[in-house]
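Asks: Okay, predicted coordinates and the sequence, questions at the end:
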Amino acid sequence: MSVMDEVQRTAERQLDMLEDVQRKLNALTVQETGDDGRVIVHVDVSGAMTGLQLAPGAGNGRPAALADAIVRTAVRAATQAFAERAEIMSEFVAEFAEFADLTGESVEPNSPSLRPTFREPVTEGES
């Protein structure tokens, strides 16, 4: 196998990994229940509410209690979505690191090529 064949094979595997992560993230939804099962909230990968179901008696007929139950349930759902998203990304980074080992390139965020830095502007005559 030539070097170019190996490069192509590695690139194809990396692309497959990226596509797999994208599929997992796109499919990620979380459902949480609150107020003794009378409030059900659905969120997407970003924690945005995508669905809300209210059963009779939700909030015990008090608007403030209902609002509180919705918000608390939505926060729990979003927190769970963020945890699941982090797990997906953690697995991806761990797998991607194997490719970095092959190339000798770092995938750490502290790598100068990955982390932007701020530099003061240099005026003419300064170095």
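Replies: Received the coordinates, thanks.
Asks: Name the single longest helix found in this structure.
Replies: helix 63-103 (DSSP state H).
Asks: Packing partners of that one?
Replies: Packing contacts for helix 63-103, counted by 3 or more C-beta pairs under 8 Å, 6 or more residues apart in numbering; DSSP states H and E, involve helix 3-27, strand 29-34, strand 39-44, strand 49-54. Glycine gets a C-beta too; all of them are placed from N, C-alpha and C.
Asks: Could you export the second one as CSV, CA atoms only?
Replies: Written as CSV, here are the backbone C-alpha positions of strand 29-34 (Å, rounded to 0.1, in the frame of the first residue of the first chain):
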residue,chain,number,x,y,z
THR,A,29,-33.2,14.5,22.1
VAL,A,30,-34.0,14.4,25.8
GLN,A,31,-37.3,14.1,27.6
GLU,A,32,-37.7,15.0,31.3
THR,A,33,-40.8,14.8,33.5
GLY,A,34,-41.7,17.1,36.3
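Asks: Okay, buried residues for that strand please.
Replies: By 16 or more other C-beta atoms under 10 Å, the buried positions in strand 29-34 come out as Val30, Glu32, Gly34.
Asks: As a markdown table, those residues with pLDDT and distance to Pro56 would be great.
Replies: Shown next, in a markdown table, are these (pLDDT from 0 to 100; distance: C-beta to C-beta, whole Å):
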| residue | pLDDT | distance to Pro56 |
| --- | --- | --- |
| Val30 | 97 | 24 |
| Glu32 | 97 | 19 |
| Gly34 | 97 | 15 |
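Asks: Tell me the one among those nearest to Ile88.
Replies: Set against Ile88, the nearest of those by C-beta to C-beta is Val30 (12.6 Å).
Asks: can you tell me how far the spatially most central residue of the chain sits from Arg38?
Replies: For the chain, the residue nearest the mean C-alpha position is Arg85 (3.7 Å; C-alpha atoms, centre = their mean). Distance, Arg85 to Arg38, by C-beta to C-beta, to the nearest Å: 27 Å.
Asks: what do you get for Ser90?
Replies: Distance of Ser90 to Arg38, given as C-beta to C-beta: 35 Å.
Asks: what's the answer for Asp20, then?
Replies: Per C-beta to C-beta, Asp20 is found 37 Å from Arg38.
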